[in-house]
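Trainee: Make a model of this:
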Amino acid sequence: MNPINTRSKSNPVVVSEMLTVIGVVTVLVVMVIPLPTMLLDFLLALNITLSITILLIAMYTLKPLDFSIFPSLLLVMTLFRLSLNVASTRLILLHGNEGVLAAGRVIKSFGSFVVGGNYVVGMIVFIILVIVNFVVITKGATRIAEVAARFTLDAMPGKQMSIDADLNAGLIDENEAKLRRAMIMREAEFNGAMDGAAKFVRGDAIAGIIITLINIIGGLIIGVLQQKMSVLDAAQNYTLLTVGDGLVSQIPALTVSTAAGIVVSRAASEDTMGSEFGKQFFGYPKAIYLAALTIFLFGLIPGMPHISFVMLSLLIAGGIYVLSRKKEALKVKEVELSKKEKVDVGPEPVEHLLLVDPLEVEVGYGLIPLVDKEQGGEFLDRVRSIRRQFALEMGLVIPPIHIRDNLQINSSGYQIVLKGVTIAHAELMVNHYLAMDPGDATRKIEGIETKEPAFNLPAVWISEAKREEAKLAGYTVVDNVTIMATHLTEVLREHAPELLGRQEVQNLLDNLSKSYPKVVEELVPNLLSLGV
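Mentor: From the prediction side, this is the model:
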């Protein structure tokens, strides 16, 4: 049977990859091949659509890494806008003498409708947009990206050490540590990429100014010298088209720059930007009331539009009043609901607290990975083997052993508890092995001297790097799980009489009666009692 092709053409991931490659290649082709006006209109509309979409996605992301493709996307969008500028410049300079529709309807609309057909006004609006984009938004976003990249790199060693500490303490497993390290690397790479990507936006703004000047000067030269137009007509046609071209490129550029500023300035949050804005902005009603009062007082100044200021202050005050009342009503409803849920169930039963587990193994938090099966711990399997071993060798059923963590003992320690009384305890070293000399070791292995807990034999703690060396030298090397299992086995063997009481004997007889009921019936209690 042929294997399934997970990268078939119908796969959305493959389709997305193909569209991305086609889009980037198209951007490069647009710079070279002359475009018809209808196609240019479509691409300009696409540019505006993509820039608005990017801005909205940036507003809805919870943390910057949710939009990690943004630096590459910023480069592609910048290249796309510049390619459209090249295509529109070609149409303006070649066909600008034919009228305002020479570069398409989108540019004509921005040049005629947006600025009222006045190219002087259009130039002023274009310059203002460039200043806002270049001086305000782009410069601020660039500075934030630089600071974020520097602080992220400075904080990396500390974060790595924190992950290693949690891993060594057993608070996280190896997979969780790998995920956290990968997240730190992604965060560092993202901030570094944003630091460089911010330069694309600055370069785009500078290129827009240069292209506009080239269009105006080149248009005047072509119109007057080649097309024999008057200076006034050439200035009217070419400048109007150039202004429209500049506006239709600068507005998406300003939108994407704003998205870049939002992405780099957004801290990780549990909610979207709009939700956080509503919570934090309207979370202080007194400040909003004071703002409404201040606006109302502005409206009383002679010469001010009184209706506008008074209406605005009343709307703000009324809106915050309604929201405050709704919040208070919601809080009252939650309190009433919580009161209804509290049902008097009488005195709390405490009889279950009188029961004591026959056997317990308590471990410090550093040894949790040894007993937690989800973290790869093997101690539970060893306990099952120990119970089977006692049942086969001694006919004794060891009661279930309750294993739990205990924050009161040392993080690397454990203790064995019999009916509420600690009968044995020991200390281990995490990520180390215990090496014991059986008497015929060829040479001495350096390590931390200690005593083996089960038989009180001299031993040394060694790191994993010395494990093979110790084996070659003739040492017996065991891991922490084996140490705990051996210790538990010997302690249970020593205290076996305490584990065999009347109830345990009755359980054994009940089990035996299933196979030999008549024997048990004649023997107990006629001839022998449980107390014998």
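
Trainee: isn't Leu370 right up against Glu378?
Mentor: Yes - counting by C-beta atoms under 8 Å, Glu378 is a contact partner of Leu370 at 7.4 Å. In short, each C-beta sits where N, CA and C put it, glycine included.

Trainee: how about the strands of this protein, start to end?
Mentor: Using DSSP state E, the strands found in the chain span residues 359-363, 401-405, 413-418, 421-427, 432-436, 448-451, 458-463, 476-478.

Trainee: Pick out the shakiest of the ones you listed, pLDDT-wise.
Mentor: Lowest mean pLDDT within the strands of the chain: strand 401-405, at a mean of 86.

Trainee: Give me the angle between that strand and strand 359-363.
Mentor: 20 degrees (axes from the mean of the first three to the mean of the last three C-alpha atoms, to 10 degrees).

Trainee: what residues does strand 401-405 touch?
Mentor: With contact meaning C-beta atoms under 8 Å, 6 or more residues apart in numbering, strand 401-405 is reached by 357, 359-365, 368, 371, 379-380, 383, 387, 488.

Trainee: longest helix anywhere in this structure?
Mentor: Criterion DSSP state H: the longest helix present in the chain is helix 174-221.

Trainee: Can you list the helices and strands that that helix packs against?
Mentor: Secondary-structure packing of helix 174-221 (3 or more C-beta pairs under 8 Å, 6 or more residues apart in numbering; DSSP states H and E): helix 70-95, helix 119-131, helix 139-169, helix 231-265.

Trainee: where does it sit relative to the chain's centre, distance-wise?
Mentor: Centroid separation for helix 174-221 versus its chain: 22 Å, with C-alpha atoms, centre = their mean, to the nearest Å.

Trainee: Just the mean pLDDT for that helix, thanks.
Mentor: Per-residue scores along helix 174-221 average to 80.

Trainee: again with stretch 71-90
Mentor: For stretch 71-90, the mean pLDDT works out to 86.

Trainee: contacting residues around that stretch?
Mentor: Contacts of stretch 71-90 (C-beta under 8 Å, 6+ apart): 23-24, 27-28, 30-31, 34-35, 40, 43-44, 47, 50-51, 54, 103-104, 107, 190, 193-194, 196-197, 200-201, 203-204, 207-208, 211, 214-215, 245, 248-249, 252-253, 256, 260.

Trainee: which residues are common contacts for Leu370 and Glu378?
Mentor: Val481.

Trainee: So for the two, which sits in the more crowded spot?
Mentor: Taking neighbours as other C-beta atoms under 10 Å, Leu370 and Glu378 compare with Leu370 leading, 24 against 15.

Trainee: What about the contacts of strand 401-405, which one has the most neighbours?
Mentor: Among the contacts of strand 401-405, Val363 has the most neighbours (other C-beta under 10 Å), with 26 neighbours.

Trainee: out of the helices and strands packed on helix 174-221, nearest to Ile448?
Mentor: Closest approach to Ile448 among these is made by helix 139-169 (16.4 Å; C-beta to C-beta).

Trainee: Count the neighbours of Val335 for me.
Mentor: Per other C-beta under 10 Å, the neighbour tally for Val335 reads 10.

Trainee: The chain should start at 498 in everything you say after this.
Mentor: From this message on, residue numbering opens at 498, which makes the last subject Val832.

Trainee: how much space is there between it and Ala932?
Mentor: When distance is defined by C-beta to C-beta, to the nearest Å, Val832 is 63 Å away from Ala932.

Trainee: and the angle from the longest helix of the chain to helix 728-762?
Mentor: Using the same axes, to 10 degrees, the inter-axis angle of helix 671-718 relative to helix 728-762 is 170 degrees.

Trainee: orientation of helix 671-718 relative to helix 567-592 in degrees?
Mentor: Comparing the axes of helix 671-718 and helix 567-592 via the same axes, to 10 degrees yields an angle of 10 degrees.

Trainee: ok and helix 671-718 relative to helix 636-666, angle-wise?
Mentor: Using the same axes, to 10 degrees: helix 671-718 against helix 636-666 is 170 degrees.

Trainee: Can you give me the distance of Thr973 to Leu867?
Mentor: 20 Å.

Trainee: List the residues that contact Leu856.
Mentor: By C-beta under 8 Å, 6+ apart, the contact set of Leu856 is 895-899, 913-915, 989, 996.

Trainee: Over to Gly741?
Mentor: Residues near Gly741 by C-beta under 8 Å, 6+ apart: 600, 603-609, 611, 619.

Trainee: Just give the nearest non-adjacent residue to it, would you?
Mentor: Distances taken as C-beta to C-beta, 6 or more residues apart in numbering place Gly608 nearest to Gly741, at 2.8 Å, with adjacent residues excluded.

Trainee: Could you chop this protein up by domain?
Mentor: Following automatic domain parsing, one finds the domains of the chain at 516-769, 782-825, 852-997.

Trainee: could those domains go into a markdown table alongside distance to Lys1011?
Mentor: Output for those, formatted as a markdown table (distance: least, C-beta to C-beta, whole Å):
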| stretch | distance to Lys1011 |
| --- | --- |
| domain 516-769 | 43 |
| domain 782-825 | 67 |
| domain 852-997 | 14 |
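
Trainee: Mind telling me which of these the model trusts least?
Mentor: Among those, domain 516-769 carries the lowest mean pLDDT, at a mean of 80.

Trainee: Start and end of it, how far apart?
Mentor: 29 Å (C-alpha to C-alpha, to the nearest Å).

Trainee: Over to stretch 910-930?
Mentor: End-to-end distance for stretch 910-930, by C-alpha to C-alpha: 15 Å.

Trainee: buried residues in it?
Mentor: Buried residues in stretch 910-930, defined by neighbour count with 16 or more other C-beta atoms under 10 Å: 910-915, 921, 923, 925-927, 929-930.

Trainee: what does it rub up against?
Mentor: So stretch 910-930 is contacted by 665, 667, 853-861, 863-864, 903, 906-907, 909, 945, 947, 950, 958-961, 964, 967, 974-977, 980-981, 984-985, 988, 992, 995-996 (C-beta under 8 Å, 6+ apart).

Trainee: Next: stretch 983-1003.
Mentor: Contacts for stretch 983-1003 (C-beta under 8 Å, 6+ apart): 855-856, 858, 880, 883, 886-887, 891, 893-896, 898, 913, 915-916, 920-921, 923, 950-952, 975, 1027-1028.

Trainee: make it 7 Å
Mentor: 855, 858, 883, 887, 891, 893-896, 913, 915, 920-921, 923, 950-951, 1027 (C-beta atoms under 7 Å, 6 or more residues apart in numbering).

Trainee: can you give me the helices in the stretch 848-997 of the chain?
Mentor: Here the stretch 848-997 of the chain has its helices, by DSSP state H, counting those that start in this stretch, at 865-868, 876-891, 964-969, 977-991, 993-996.

Trainee: Quick check: buried residues in the last one?
Mentor: This means helix 993-996. Counting neighbours by 16+ other C-beta under 10 Å, helix 993-996 gives Leu996 as buried.

Trainee: Over to stretch 972-987?
Mentor: Neighbour-count burial for stretch 972-987 flags 972, 974-986 (criterion: 16+ other C-beta under 10 Å).

Trainee: can I get the CA coordinates of it in PDB?
Mentor: Extracted C-alpha coordinates of stretch 972-987, given in PDB (Å, rounded to 0.1, in the frame of the first residue of the first chain):
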ATOM      1  CA  TYR A 972      32.200  -0.800  41.400                       C
ATOM      2  CA  THR A 973      28.500  -1.700  41.600                       C
ATOM      3  CA  VAL A 974      26.700   1.400  40.300                       C
ATOM      4  CA  VAL A 975      22.900   1.900  40.900                       C
ATOM      5  CA  ASP A 976      20.500   4.700  40.200                       C
ATOM      6  CA  ASN A 977      18.200   6.400  42.700                       C
ATOM      7  CA  VAL A 978      15.100   4.300  41.800                       C
ATOM      8  CA  THR A 979      17.000   1.100  42.600                       C
ATOM      9  CA  ILE A 980      18.300   2.600  45.900                       C
ATOM     10  CA  MET A 981      14.800   3.400  47.000                       C
ATOM     11  CA  ALA A 982      13.300   0.000  45.900                       C
ATOM     12  CA  THR A 983      16.100  -1.900  47.600                       C
ATOM     13  CA  HIS A 984      15.700   0.100  50.800                       C
ATOM     14  CA  LEU A 985      11.900  -0.400  50.700                       C
ATOM     15  CA  THR A 986      12.300  -4.200  50.200                       C
ATOM     16  CA  GLU A 987      14.700  -4.600  53.200                       C
END
